[in-house]
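*Asks:* Got a predicted structure plus its sequence, pasted below:
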Amino acid sequence: MRSLPARRTAAVALTAAAAVLALAGPASAHVSVNPGSAEQGGYTAVDFRVPNENDNAGTVKLEVNLPLDHPLASVRTQPLPGWTATVEKSKLDKPIKVHGNDVNEAVSKITWTADAGVKIAPGQFQEFRVSLGPLPTDTETLVFKALQSYENGDIVRWIDEAKDGQPEPAKPAPVLKLTKASGDAHGVTATTSPSAAADGGHGGDAAEGKSESAASDDKASDSTARVLGVVGIVVGVVGTAVGFVGLRRRSGGSAS
């Protein structure tokens, strides 16, 4: 019969393994912008990635608020089967110049609503794709506060902004980081061809898609590596516990 210390050792090992998995899971389960960065002054396409964190209800609506302190003159949604996108615009307090023209209003909110019978089910996620531009040159971040609605009436507000030197908030708002442009003075970036820039940046979808696909693959590889690392830790902990229990049993048998 297994001794009481051996049983305690095994229980501690299993508890530690469960704790590792619990800490690894929620860390990435936020509404996020992918890819997480783009070049200032250019145009880009991003996905708002929405995981379902509710075990008993599906997500049926997503609202994304766009920053009006750094307005975006061009915002276009990509059609998504089973979902209807509604775009709301607001008048700007101060017009912005885009390609030499005054722009007096900008998109302030996008709402995706699921059609009847459609939802992001438990254990699943969905991506909502949008093209944006021109990206501002006077800030390093764009914050998109989002609301995720479930079919049971629950609403998760992803609106908290991270602060330097402080832990990440429980419900962080999606953030797009902006880097200095690497192209020419006309705002042509790595994701926007010169012909696309001349057309307002909307002809660069193919180039954008390739760049973002590569970034997405890198992110996926990184996530896979992290998961494998966690699994390795768990296996190591459990293996050590099992080996220790076996050694205890052999020691006990030799003593008898």
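*Replies:* Yes, it's here.
*Asks:* drop to CA atoms for contacts and neighbour counts, all remaining ones
*Replies:* Noted.
*Asks:* The residue nearest to residue 162 when sequence neighbours are not counted and residue 174, how far apart?
*Replies:* Spatial nearest neighbour of residue 162, chain neighbours left out: residue 168 (5.7 Å); criterion: C-alpha to C-alpha, 6 or more residues apart in numbering. Going from residue 168 to residue 174 by C-alpha to C-alpha, to the nearest Å gives 12 Å.
*Asks:* Show me the domain layout of the chain.
*Replies:* 1-29+205-256, 31-203 (automatic domain parsing).
*Asks:* Go through these and find the least confident stretch.
*Replies:* Comparing mean pLDDT across the domains of the chain, the weakest is domain 1-29+205-256, with a mean of 48.
*Asks:* sorry, back to before: which one of residue 168 and residue 174 is surrounded by more residues?
*Replies:* More crowded of residue 168 and residue 174, by other C-alpha atoms under 10 Å: residue 174, with 24 against 13.
*Asks:* Okay, and the beta partners of the nearest residue to the more buried one once chain neighbours are set aside?
*Replies:* Using C-alpha to C-alpha, 6+ apart and skipping residues adjacent in sequence, the residue nearest residue 174 is residue 32, 4.7 Å away. Beta-bridge pairing for residue 32 (DSSP bridges): residue 49.
*Asks:* give the contact list for residue 32.
*Replies:* Shown in contact with residue 32 (C-alpha atoms under 8 Å, 6 or more residues apart in numbering): 48, 49, 50, 173, 174, 175.
*Asks:* didn't the fourth one look like it was pressed against residue 158?
*Replies:* Put plainly, it is residue 173. Yes. In terms of C-alpha atoms under 8 Å, residue 173 counts as a neighbour of residue 158; the distance is 4.7 Å.
*Asks:* Pull up the overlap in contacts between those two.
*Replies:* With C-alpha under 8 Å, 6+ apart, residue 173 and residue 158 have common neighbours 31, 145, 146.
*Asks:* Throw the residues you listed into JSON lines and include neighbour count, thanks.
*Replies:* Below are the shared contacts of residue 173 and residue 158 laid out as JSON lines (neighbours: other C-alpha atoms under 10 Å):
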{"residue": "31", "neighbour count": "28"}
{"residue": "145", "neighbour count": "21"}
{"residue": "146", "neighbour count": "27"}
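*Asks:* how about a markdown table for those, with distance to residue 152 added?
*Replies:* Below are these laid out as a markdown table (distance: C-alpha to C-alpha, whole Å):
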| residue | distance to residue 152 |
| --- | --- |
| 31 | 19 |
| 145 | 22 |
| 146 | 18 |
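*Asks:* Okay, helices next: where are they in the stretch 51-200 of the chain?
*Replies:* Secondary structure of the stretch 51-200 of the chain (DSSP state H, counting those that start in this stretch): helices at 194-198.
*Asks:* Strands along that one, start to end?
*Replies:* 59-65, 74-77, 83-98, 101-114, 125-133, 141-143, 145-150, 155-158, 175-179 (DSSP state E, counting those that start in this stretch).
*Asks:* And stretch 167-174, what's buried?
*Replies:* 171, 172, 173, 174 (16 or more other C-alpha atoms under 10 Å).
*Asks:* Among these, find me the one that's closest to residue 131.
*Replies:* residue 174 (15.6 Å; C-alpha to C-alpha).
*Asks:* my guess is the closest one meets residue 144, correct?
*Replies:* Yes. In this structure residue 174 lies within contact range of residue 144 using C-alpha under 8 Å: 5.3 Å.
*Asks:* so what sits against both of the two?
*Replies:* residue 159.
*Asks:* returning to what we had before: what's the residue nearest to residue 162 sitting at in phi/psi?
*Replies:* With angles defined as degrees, to the nearest 10, residue 168 sits at phi -60, psi 130.
*Asks:* What of residue 166?
*Replies:* According to degrees, to the nearest 10, residue 166 has phi -120, psi 150.
*Asks:* which residues touch it?
*Replies:* Contacts of residue 166 by C-alpha under 8 Å, 6+ apart: none found.
*Asks:* can I assume residue 95 is in contact with residue 101?
*Replies:* No. Residue 95 lies out of contact with residue 101 (C-alpha under 8 Å); the separation is 9.5 Å.
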